[in-house]
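> Here's my sequence, what's the structure:
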Amino acid sequence: MDILLCHSYFLDQDPIEKRVMKPYPPLGLLYLSSYLKAEGMAVGLHDTTFSTYQAVADDIQKNSPFAVGIYTNLMTRRHVLAIMEIAKTQGCHIILGGPEAANYDQEYLDHGADVIVAGEGEQTLAELIPHLKKNGLHDLSSINGLVFRAGDGAIKRTAPRLLHRQIDDYPFPDRAAIDLKRYMDIWQTHHGVRSVSLITARGCPYACQWCSHSVFGKSYRHRTPENVIAELLEIRDTYQPDQVWYADDVFTMNFRWLDRFADLLEENNLHYPFEAISREDRLTEDVIKTLKRMGCYRVWIGAESGSQRILDAMERRTNAKRMREMITLLQDHGIRAGTFVMVGYEGETFEDISATVQHLKAALPDDVLSTLSYPIKGTPYYDQVADRLVMQGDWATTTERDAKIRGRHSRRYYNSVEAWIQAEVQLTRVRKTGLSGVAKLPKLLLQTYRHRLNIWRRRHEVEA
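Residues are numbered from 1 along each chain as shown. Model prediction:
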């Protein structure tokens, strides 16, 4: 075997996802698998979602791959390091990819990685693996898109690899390499539908200060509508899903593309319910009508904050007032509106938090998810707070999500903030439902009062 691809996400070790139970397979690895196979390589893929360390070790021992390629992200650092150690004991070359390894190349190389692929992986791996088999770790400077340790011990970064513009050229994800039925069965058991994910584009052209662009840069490359339809037909004929998830960063980026895609869905009788992510500036009433015609049942809008001051500080390039209008418009057309909210961003005050609460009460989206902001290395937000970032352990066992930012309010404060946001949204929703929700009002009123009181009590708590 030339390479065994794996990621490092283990569902059994994710208590939040075990409650939600909406897993999707690692599409990036499936793309790599199909591309490398098309290049004539012997490729294995170990999907760690339902796996264990022991199963990974057994797979490596059984197949003796020349190289093990591991996808890395911030949330799975310790798992990546554990799999690296397993692979090293079997004498495999270790190749890392994904956003984490590109941002922490020295740390991963220090922990035993041989080569890091920085950026999009298909073409780089297709060039790298034959080179390694012929020359080992020598003369890697001629391959673009790599980070490695040179013979003198210095870290060497080769020229960035140009992104391939025509992504229709890439074969469809290698779904046959994993147990996709298991994913669909979990969806069926917990949600009553069988769901499959796909992407129609790669990248995002926006420059939000907290968002990592270490894989695709600030590029945006769309597949043709015809190419996506061909993949959907293959998915239909092979897996018979009940719904799909378009996992693009911004699904409605190109209005002309969306109209053509909608027409092709109708022509091919591909009426799958679906959900997707968008932004308020990439929604209009015509776009929403098109989404409804296509079968969309929910759109997630990244609100991040209801304070225009904070949105501008994030360089989000969105408008809070128009965001509320788009949420209402989605609901008016029978589409659920979900939104993401971030608290604790640099410079945020209680007045900004209150503006977010008022924003959500006025818009009243159907689903609200909140998170405490955390800095990702390689982003402007990280650079802004780096001199105040306090890790809670060594690099190998912690991540930036565990870190403290000196001078920011305490985690207890933000726990109360997030609880208050949810309680206020629920209270407003009950009040608008009429008599059917009256019995819940006293409890919700008490919750909002208690959370607001806790915020006041903890207002002087800051991270040191």
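> low-scoring stretches of the chain, by residue?
Applying pLDDT under 70 to the chain flags residues 434-437.
> what's the longest helix in the protein?
Determined from DSSP state H, the single longest helix within the chain is helix 411-433.
> who does that one touch, helix- and strand-wise?
strand 336-343, helix 350-363, strand 367-372, helix 441-457 (3 or more Cβ pairs under 8 Å, 6 or more residues apart in numbering; DSSP states H and E). C-beta here means a position set from N, CA and C on the backbone, and glycine is covered the same way.
> relative orientation of the third one and helix 411-433 in degrees?
Put simply, strand 367-372 runs at 170 degrees to helix 411-433, going by axes from the mean of the first three to the mean of the last three Cα atoms, to 10 degrees.
> could you point out which element follows strand 367-372?
Sequence order places helix 380-385 as the next helix or strand after strand 367-372, per DSSP states H and E.
> what sits against residue 107?
395, 396 (Cβ atoms under 8 Å, 6 or more residues apart in numbering).
> What strand or helix carries it?
With DSSP H and E as criterion, residue 107 is part of helix 105-110.
> how much space is there between residue 287 and residue 295?
14 Å (Cβ to Cβ, to the nearest Å).
> I meant residue 51, not that one.
From residue 51 to residue 295 the distance is 33 Å (Cβ to Cβ).
> Report how many residues lie close to the residue nearest to residue 278 when sequence neighbours are not counted.
Distance criterion Cβ to Cβ, 6 or more residues apart in numbering; nearest residue to residue 278, sequence neighbours excluded, is residue 252 at 4.6 Å. Neighbourhood size, residue 252 [other Cβ atoms under 10 Å]: 23.
> wait, isn't residue 252 in contact with residue 262?
No. Judged on Cβ atoms under 8 Å, residue 252 makes no contact with residue 262 at a distance of 11.0 Å.
> Show me the common contact partners of the two, please.
By Cβ under 8 Å, 6+ apart, no residue touches both residue 252 and residue 262.
> CA-only coordinates of the longest helix of the chain in PDB, if you can.
Output in PDB follows, covering the C-alpha atoms of helix 411-433 (Å, rounded to 0.1, in the frame of the first residue of the first chain):
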ATOM      1  CA  ARG A 411     -15.300  31.500  31.400                       C
ATOM      2  CA  ARG A 412     -17.900  31.500  34.100                       C
ATOM      3  CA  TYR A 413     -18.900  34.900  32.900                       C
ATOM      4  CA  TYR A 414     -19.300  33.800  29.400                       C
ATOM      5  CA  ASN A 415     -21.100  30.600  30.400                       C
ATOM      6  CA  SER A 416     -23.700  32.900  32.000                       C
ATOM      7  CA  VAL A 417     -23.800  35.000  28.900                       C
ATOM      8  CA  GLU A 418     -24.400  32.000  26.600                       C
ATOM      9  CA  ALA A 419     -27.100  30.700  29.000                       C
ATOM     10  CA  TRP A 420     -28.700  34.200  29.000                       C
ATOM     11  CA  ILE A 421     -28.800  34.400  25.300                       C
ATOM     12  CA  GLN A 422     -30.600  31.000  24.900                       C
ATOM     13  CA  ALA A 423     -33.000  31.800  27.700                       C
ATOM     14  CA  GLU A 424     -34.000  35.200  26.200                       C
ATOM     15  CA  VAL A 425     -34.500  33.700  22.800                       C
ATOM     16  CA  GLN A 426     -36.700  30.900  24.300                       C
ATOM     17  CA  LEU A 427     -38.700  33.400  26.400                       C
ATOM     18  CA  THR A 428     -39.300  35.700  23.400                       C
ATOM     19  CA  ARG A 429     -40.400  32.700  21.300                       C
ATOM     20  CA  VAL A 430     -42.900  31.500  24.000                       C
ATOM     21  CA  ARG A 431     -44.300  35.000  24.300                       C
ATOM     22  CA  LYS A 432     -44.900  35.100  20.600                       C
ATOM     23  CA  THR A 433     -46.600  31.600  20.500                       C
END
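> quick one, it and helix 441-457 angle?
Helix 411-433 and helix 441-457 are oriented at 150 degrees to each other (the same axes, to 10 degrees).
> what's the neighbour count on residue 112?
Residues lying near residue 112 (other Cβ under 10 Å) number 13.
> Enumerate every residue touching it.
Contact partners of residue 112, counting by Cβ under 8 Å, 6+ apart, are 84, 85, 88, 94.
> rerun that using 10 Å as the cut-off
Residues near residue 112 by Cβ atoms under 10 Å, 6 or more residues apart in numbering: 81, 84, 85, 87, 88, 94, 96.
> what about it, helix or strand, and which?
Secondary structure from DSSP H and E places residue 112 outside every helix and strand.
> Also residue 288?
helix 285-294.
> Quick one: list the elements packing against that helix.
Judged by 3 or more Cβ pairs under 10 Å, 6 or more residues apart in numbering; DSSP states H and E, the packing partners of helix 285-294 are helix 255-267, strand 274-278, strand 296-304, helix 320-332.
> In it, which of the residues would be classed as buried?
For helix 285-294, a neighbour-count test (16 or more other Cβ atoms under 10 Å) marks 287, 288, 290, 291, 294 as buried.
> now do stretch 254-262
By neighbour count with 16+ other Cβ under 10 Å, stretch 254-262 contains the buried residues 254, 257, 258, 261, 262.
> Closest to residue 396 out of the residues you listed?
residue 254 (41.8 Å; Cβ to Cβ).
> Now the closest one: closest residue in space, sequence neighbours ignored.
residue 222 (6.0 Å).
> count of neighbours near the one you found?
Residue 222, neighbours per other Cβ under 10 Å, totals 18.
> my guess is it meets residue 253, correct?
Yes. The pair residue 222 and residue 253 passes the contact test of Cβ atoms under 10 Å, sitting 7.4 Å apart.
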